[in-house]
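Enquirer: okay, predicted coordinates and the sequence, questions at the end:
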Amino acid sequence: MFRIGFGYDSHRFAPGRVLILGGVRIDGSPGLAGHSDADAVLHAITDAILGAVGEGDIGEEFPDTDDRWAGADSSLFVAEALRLAAIKGYAPANCDVTVIADSPKLQPHKPKMRQRISELLGLPIDAVSVKAKTNEGMGFVGRGEGLAVMAAVMLHKLTQV
Ligand code: MG
């Protein structure tokens with residue numbers, strides 16, 4: 001009755017772009033490079049949903065060679081993944097996200113991200129978790145080249161009506 005999916009994403013920082021994470025605009029930081037709005041949080045969540053129902057990955061569903069997705073609001077990807085899951089009878093049960101970034105400081109933005117993700121997934125707020133970690137100066141995150149996101153999404157089978 002349950003399926004679990006795991007998603008990972010990373011993007012480079014790109015000066016001049018707007019930083020959007022978890023559907024929330026975060027001012028005062030470089031944005032992320034990407035074909036869409038580069039929302040790495042929603043990309044990881046999308047992959048987790050797709051993974052849970054065996055529907056491939058975000059790159060197959062929304063190729064960055066497709067102009068339709070240029071600058072796209074990544075909530076569209078989440079919505080499409082949810083649609084594919086619903087066809088198989090599954091809906092989200094909970095979502096747990098970890099963002100790994102040495103900068104900007106994400107602590108103040110976690111409540112809004114959590115709220116927005118709960119809206120997108122149709123979940124109560126206590127079924128959504130957003131955690132922020134630093135990489136303590138190590139690797140590409142530590143060098144400030146970009147950030148990474150991990151997400152787990154549990155889906156439950158909807159009961160027949
Ligand atoms: Mg991505």
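Expert: That came through, no problem. Residues are numbered from 1 along each chain as shown.

Enquirer: tell me the contacts of P30?
Expert: The contact partners of P30, by Cβ atoms under 8 Å, 6 or more residues apart in numbering, come to 13-17, 19. Every residue, glycine included, has its C-beta placed from N, CA and C.

Enquirer: should've said I100
Expert: 133-135, 141, 147-150.

Enquirer: that one pairs with what?
Expert: On the basis of DSSP bridges, I100 is bridged to K133, A148.

Enquirer: re earlier: which one of the contacts of P30 sits in the busiest neighbourhood?
Expert: Neighbours here mean other Cβ atoms under 10 Å. Within the contacts of P30, the largest count is held by L19, at 24 neighbours.

Enquirer: taking this structure, what residue is nearest to the ion?
Expert: H43 (3.6 Å; Cβ to the ion).

Enquirer: and K110, its phi and psi?
Expert: phi -60, psi -40 (degrees, to the nearest 10).

Enquirer: pretty sure it sits against V130.
Expert: Yes: counting by Cβ atoms under 8 Å, K110 does reach V130; the two are 4.8 Å apart.

Enquirer: what residue lies at the spatial centre of the protein?
Expert: Nearest to the geometric centre of the chain sits L42, at 2.1 Å (Cα atoms, centre = their mean).

Enquirer: please identify which helix or strand holds that one.
Expert: If you go by DSSP states H and E, L42 is part of helix 40-52.
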